[in-house]
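> Here's my sequence, what's the structure:
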Amino acid sequence: MELSRNVALPPVRPVADFVGSEARFMVPDYKDPVRWNNRIVNNLLYYQTNYIGVATAIFIIVGLLNPLAMLVGSMLVTVVFAAFISLTENQRQLQRFKKDHPTVCVAGLLAACYFIMRMFQLLLVFVFGITLPLLVVLVHASLRMRNLKNKLSNKVESIGIKRTPMGLLLEALGQEQDAGS
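Predicted coordinates:
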């Protein structure tokens, strides 16, 4: 619980700073991946609240365009994750069930494969609803050049004075050494 008290979202950055007249964009130098990575990490930290809003809006728009596909796709992903967790925790019970009921297992496997193949189109809509916002965030973070406010805010994050959800995520992904550079 101590961790959640120290973590806060930064403020929403003004539209002019995010994509408007104050924003400066430039194609990154692909020959210098360290510098490009630093730009992405620092922009992810600085604009994280804006990115959460944009990603949520895109996810909702995709969901409104095809609500059944998003609903079924999200349920399918949830079921797959729940089944994976359940199966990995109860391996002995699963092995015993397979030995005692081989016909049921084969029939269940075939039915699951058929179901997944029929739901693949719906799953693709859900995956599109997840990947499109991530792509938009990555493209913006790659192209948006940093400004003085961005650099100062990232220094505060990197020395640990202020913790943010994106800072914790980047730290978990092993990118904390680049934050604030």
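
> By mean pLDDT, point me to the weakest helix or strand of the protein.
In the chain, the helix or strand scored least confidently by mean pLDDT, DSSP states H and E is helix 2-6, which has a mean of 57.

> next structured bit after that helix?
Moving toward the C-terminus from helix 2-6, the first helix or strand encountered (DSSP states H and E) is helix 15-18.

> immediately after that next one, which helix or strand?
Where DSSP H and E defines the elements, the next helix or strand beyond helix 15-18 is helix 33-46.

> who touches the very next helix or strand once past that next one?
Heading C-terminal from helix 33-46, the first helix or strand you meet, by DSSP H and E, is helix 48-65. Counting contacts by C-beta atoms under 8 Å, 6 or more residues apart in numbering, the residues outside helix 48-65 that touch it are 9-13, 18, 44, 70, 125, 128-130, 132-134, 136-137, 140-141, 164-166. To be clear about C-beta, it is placed using only N, CA and C from the backbone, and glycine gets the same treatment.

> Give the full set of residues in contact with the closest residue to residue 143 other than its chain neighbours.
Of all residues not flanking residue 143 in the chain, residue 25 sits nearest, at 4.5 Å (C-beta to C-beta, 6 or more residues apart in numbering). Residue 25 makes contact with 143-145 under the criterion C-beta under 8 Å, 6+ apart.
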